[in-house]
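Asks: Pasting a predicted model and its sequence here:
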Amino acid sequence: MKPALLLLPALLASAVAQASDTLGLSDTIVTASRIEQPRSSVLSANTIFDRNDIERLQARSVPELLRRVPGVQQNSNGGIPAYFVRGGNTAQTLVLVDGQRISSATTGIARLDYLNIDNIERVEVIRGPRSSVYGADAVGGVIQIFTRKGRNGLQPSVRLGAGTNQTYERSVNISGGNQSTRFIVGASLNESDGFDLTADNQGNDRDTEGQRNKAFFGRLDHDFNQDWSAGVSVNEQNGKNEYDDAYDDMPGTPEDQFRVRGYNGYLQGRLSDTWQSRIELGRSEDRNKAVGSRFNDGAITTYRHSASWLNQIQLSTTQELNVGSDWQRDRLDATNAYSKTRRENLGAFAQHSWSTEHFSTELGARHDDNQHFGNHNTWNAALAIPNGDNQQWILSYATAFRAPTFNDLYAPPGWGGNPDLDPERSRSMELQWRADFMETHWEASLYRTDIKDLIAYDSSSAQVENTKQARINGLEVSVASELMGWTAQTALSIIDPRDRQTGKTLQLRAKRTMTMDLDRRFGNLGVGATWALFSQRYADAANSETLAGYGTLDLRSSWQATTATRLDLRLSNVLDRDYHLGTYQRPTGPWPAPSIDYAYQEQGRAALVSVTWTPQL
């Protein structure tokens with residue numbers, strides 16, 4: 001796939017751009033500094049989806065939204081998803097829900113596919129390192145999900161959907177309140193028979209891989225007065241996710257039984273005219289029980305308690321200081337015997353912002369004291385220079401780190417754990433350009449990230465070691481415009497992720513990706529399409545096997561039949577493209593028999609129709 005072909009939709013979008021007053025670009029952001037601020041003042045590359053975007057795009061999961069973010073790629077290895085932000089691996093991206101970490105302490109992975117999209121108000125993605133604000137794991141970026149808030153009045157909502165693969169979706173919620181107190185409570189149940197992920201149809205792997213996700217959520221916010229407010233929320237998902245035991249010569253019928261819970265509370269207010277403070281408390285639980293697998297049966301639960309104190313101090317009309325501290329305790333409850341089952345981390349950070357007519361700066365630093373690896377410091381610096389009234393150049397540098405997981409450090413005997421591991425460390429340089437001209441909003445980022453002390457299995461020592469290094473170069477471009485009444489948003493990414501020792505391309509990363517969303521309303525009728533292109537990727541670290549590039553086309557339509565009733569229709573992979581995101585090896589018999597390579601199958605053409613009823617009471 002030629003780079004010019006990926007650039008073509010963006011160039012076409014700008015060439016015919018019309019008035020863009022209705023682009024709907026979000027004007028505030030929280031994740032960059034952990035305090036709400038104007039998006040125009042943020043110097044980090046970012047992407048935001050609000051509730052209107054979720055409904056317009058008819059996204060039914062967080063991963064569906066993320067594939068539209070430049071620099072974000074996804075992989076599905078036999079029904080187990082992974083995501084790469086700017087070429088980093090899954091555990092190098094920090095995932096938050098309402099400010100609280102939700103990843104597993106053993107794998108470092110947050111199962112974004114488990115989160116209930118009907119309870120999501122907003123998704124913010126910071127592209128690039130942010131350890132100077134959040135500490136560990138924010139190497140590739142930060143993904144933060146904000147749950148829905150109640151609104152004034154009283155409004156119930158019921159949604160019913162049905163689609164391909166015996167897919168059924170049901171959700172109900174009710175929100176309400178007044179000027180001082182607002183609430184929302186809801187539940188959902190989504191089920192699907194799925195499809196067969198493996199191609200060789202051996203044994204029990206001939207079956208389809210179904211999913212079942214049951215969710216409950218609730219939130220209460222109260223304003224004591226103009227300056228002080230507080231709130232609490234609860235969010236729970238549980239169910240099962242079936243997959244194929246592809247590496248077993250006698251496959252069974254394995255499934256992951258999961259439960260993801262989060263409890264959050266906050267108190268915020270003004271201590272003075274120039275000082276705003278916020279206290280956050282959280283508890284999360286990530287439980288996964290493997291059932292029916294020959295090798296992986298067992299349950300692992302991560303319990304995480306956290307507390308944060310965040311402060312925004314207005315030093316002058318042009319200068320602002322954000323300071324804060326975090327405490328976190330992780331505890332593990334596992335069927336298998338880990339050598340240690342808990343650890344704590346205490347961190348403190350400060351970030352100074354200065355904005356004038358001629359330039360803007362950002363300088364931040366953070367210190368973490370971890371019970372395992374001791375002290376670790378990170379920092380960032382950025383300089384923004386405007387070019388006229390409608391352009392801006394931003395130059396930045398940042399360091400980051402990923403903390404070793406419990407699997408890396410304390411895994412049971414024979415699993416390769418190494419208690420002497422150091423954190424993975426990175427440094428990144430980035431040049432951004434932002435502009436508004438030709439009635440179009442443009443953003444481009446050119447970056448380089450160097451990562452050292454990468455944790456990988458070393459066969460000579462039969463355990464994981466800090467032996468790897470990687471270098472990632474990348475270019476991201478995003479364009480948003482109005483085209484003769486059509487809303488067009490295009491995201492392009494070109495990356496070159498390399499293993500520094502071997503010079504090989506990091507596996508499962510496509511070097512070129514592009515997505516384009518095109519939507520328009522004709523009165524009560526809305527139509528839209530998503531075109532996505534991905535170049536080939538290597539299936540293995542040796543770069544000896546490739547997965548072919550591919551493109552998909554999705555179509556969607558909505559009809560506001562009455563003020564209270566909306567009908568949605570979504571057609572995915574309309575052209576029924578056959579593509580693959582991962583491979584597996586099937587042994588031809590008991591060990592040491594040789595294996596044969598196969599590619600996992602992905603969803604073909606699929607449809608989903610739904611009706612949403614939101615009466616006004």
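Replies: Nice, thanks for sending it over. None of these values were measured; they are calculated from a predicted model. Numbers count the residues shown, from 1 in each chain.
Asks: Need the three-state assignment for the residue found closest to residue 595 once you drop the neighbours it is linked to in the chain.
Replies: Distances taken as Cβ to Cβ, 6 or more residues apart in numbering place residue 585 nearest to residue 595, at 3.9 Å, with adjacent residues excluded. From N, CA and C alone the C-beta is placed, and that goes for glycine too. Classification of residue 585 using DSSP: H, G, I helix; E, B strand; the rest coil returns strand.
Asks: Give the bridge partners for residue 585, please.
Replies: With DSSP bridges applied, residue 585 shows beta-bridge pairing to residue 597.
Asks: List phi and psi for residue 139.
Replies: phi -90, psi -60 (degrees, to the nearest 10).
Asks: how much space between the closest residue in space to it that isn't next to it in sequence and residue 470?
Replies: Spatial nearest neighbour of residue 139, chain neighbours left out: residue 92 (3.9 Å); criterion: Cβ to Cβ, 6+ apart. Counting by Cβ to Cβ, to the nearest Å, the gap between residue 92 and residue 470 amounts to 10 Å.
Asks: Give me the common contacts of those two.
Replies: residue 451 (Cβ atoms under 8 Å, 6 or more residues apart in numbering).
Asks: Residue 194 should be in a strand, yeah?
Replies: No - counting by three-state DSSP, residue 194 is not part of a strand but coil.
Asks: Find me the pLDDT at it, would you?
Replies: At residue 194, the pLDDT value in this model is 86.
Asks: so the closest residue in space to residue 370 that isn't next to it in sequence, which of the three states?
Replies: Of all residues not flanking residue 370 in the chain, residue 345 sits nearest, at 4.8 Å (Cβ to Cβ, 6+ apart). Following three-state DSSP, residue 345 is assigned to strand.
Asks: Measure how buried residue 345 is and give me the count.
Replies: Neighbour count for residue 345, taken as other Cβ atoms under 10 Å: 20.
Asks: State the distance from residue 572 to residue 257.
Replies: From residue 572 to residue 257 the distance is 27 Å (Cβ to Cβ).
Asks: More neighbours: which of the two?
Replies: The neighbour comparison of residue 572 against residue 257 (other Cβ under 10 Å) goes to residue 572, with 22 against 16.
Asks: Contact partners for residue 613?
Replies: Residue 613 neighbours (Cβ under 8 Å, 6+ apart): 157-159, 564-565.
Asks: Could you turn the buried ones of those residues into a ChimeraX selection?
Replies: A single ChimeraX command selects the buried members of the contacts of residue 613 (16 or more other Cβ atoms under 10 Å):
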select :157,159
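Asks: pLDDT, distance to residue 151 and secondary structure added to the contacts of residue 613, as a markdown table?
Replies: Formatted as a markdown table, the contacts of residue 613 follow (pLDDT from 0 to 100; distance: Cβ to Cβ, whole Å; DSSP: H, G, I helix; E, B strand; the rest coil):
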| residue | pLDDT | distance to residue 151 | secondary structure |
| --- | --- | --- | --- |
| 157 | 95 | 11 | strand |
| 158 | 96 | 17 | strand |
| 159 | 96 | 17 | strand |
| 564 | 94 | 15 | coil |
| 565 | 96 | 19 | strand |
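Asks: count of neighbours near the residue nearest to residue 595?
Replies: Neighbours of residue 585 using other Cβ under 10 Å come to 12.
Asks: Kindly report the same for the one 3 residues further on.
Replies: Here the count is done by other Cβ under 10 Å, and residue 588 has 10 residues near it.
Asks: Over to residue 165?
Replies: 18.
Asks: where's the nearest residue to residue 359 once chain neighbours are set aside, which helix or strand?
Replies: In space, residue 359 comes closest to residue 385 once its chain neighbours are excluded; the distance is 5.3 Å by Cβ to Cβ, 6+ apart. Using DSSP states H and E, residue 385 sits in strand 374-386.
Asks: Outside of that strand itself, list whatever touches it.
Replies: Strand 374-386 is contacted by residues 43-44, 129-133, 135-136, 351, 358-370, 392-401, 423 when judged by Cβ under 8 Å, 6+ apart.
Asks: Any stretches of the stretch 151-300 of the chain with poor pLDDT?
Replies: 201, 203-206, 245-252, 294-297 (pLDDT under 70).
Asks: For the spatially most central residue of the chain, name its beta-bridge partners.
Replies: Of all residues in the chain, the one closest to the mean position by Cα atoms, centre = their mean is residue 143, 4.5 Å from it. Beta-bridge partners for residue 143, by DSSP bridges, are residue 95, residue 125.
Asks: what residue ranges in this protein score low on pLDDT?
Replies: 1-26, 201, 203-206, 245-252, 294-297.
Asks: Mind naming the longest strand for it?
Replies: Looking across the chain with DSSP state E, the single longest strand is strand 463-483.
Asks: Going through the contacts of strand 374-386, which ones are buried?
Replies: Judged by 16+ other Cβ under 10 Å, buried ones among the contacts of strand 374-386: 43-44, 129-133, 135-136, 351, 360, 362, 364-368, 370, 392, 394, 396, 398-401, 423.
Asks: which ones among those residues are found in helices?
Replies: Mapping these onto helices (DSSP state H) picks out 131-133.
Asks: quick one on the thing from earlier: parallel or antiparallel, which strands does the strand holding residue 385 pair with?
Replies: Here strand 374-386 is paired, per DSSP bridges, with strand 360-370 (antiparallel), strand 391-402 (antiparallel).
Asks: Next, the buried residues of the helix or strand where residue 236 lies.
Replies: For residue 236, the host element (DSSP H and E) is strand 229-242. In terms of neighbour count (16+ other Cβ under 10 Å), strand 229-242 has its buried residues at 229, 231, 233-242.
Asks: Please state the offset of the helix or strand hosting residue 329 from the chain centre?
Replies: According to DSSP H and E, residue 329 maps onto strand 319-334. Centroid separation for strand 319-334 versus its chain: 19 Å, with Cα atoms, centre = their mean, to the nearest Å.
Asks: again with stretch 376-389
Replies: So, by Cα atoms, centre = their mean, the centroid of stretch 376-389 is 24 Å from its chain's centroid.
Asks: buried stuff in that stretch?
Replies: Those would be 376, 378-380, 382, 384, for stretch 376-389 by 16+ other Cβ under 10 Å.
Asks: just stretch 75-90 next, same as before
Replies: In stretch 75-90, counting by 16+ other Cβ under 10 Å, buried: 75-90.
Asks: now do stretch 308-327
Replies: Going by neighbour count (16+ other Cβ under 10 Å), the buried part of stretch 308-327 is 308, 310-313, 320-324, 326.
Asks: Same question for stretch 219-226.
Replies: Applying 16+ other Cβ under 10 Å to stretch 219-226 flags 219-221, 223 as buried.
Asks: And the strand holding residue 236, what does it pack against?
Replies: Other elements packing on strand 229-242 under the criterion 3 or more Cβ pairs under 8 Å, 6 or more residues apart in numbering; DSSP states H and E are strand 211-223, strand 255-272.
Asks: Which stretch among those strands approaches residue 194 most closely?
Replies: strand 211-223 (6.0 Å; Cβ to Cβ).
Asks: Okay, angle between that closest one and strand 255-272 too, please.
Replies: If you take axes from the mean of the first three to the mean of the last three Cα atoms, to 10 degrees, strand 211-223 sits at 10 degrees to strand 255-272.
Asks: what sits up against strand 211-223?
Replies: With Cβ under 8 Å, 6+ apart, strand 211-223 has contacts from 114, 116, 118-119, 147-150, 173, 177, 179-192, 194, 229-242.
Asks: Kindly report the same for stretch 456-469.
Replies: Residues contacting stretch 456-469 (Cβ under 8 Å, 6+ apart): 408, 416-418, 421-422, 424, 450-455, 499-501.
Asks: Max pairwise distance over the residues you listed: which two?
Replies: Farthest pair in the contacts of stretch 456-469, by Cβ to Cβ: 417 and 450, 26.6 Å.
Asks: Neighbour count for those two, which is higher?
Replies: residue 417 (21 against 15).
Asks: Okay then, goodbye and thanks.
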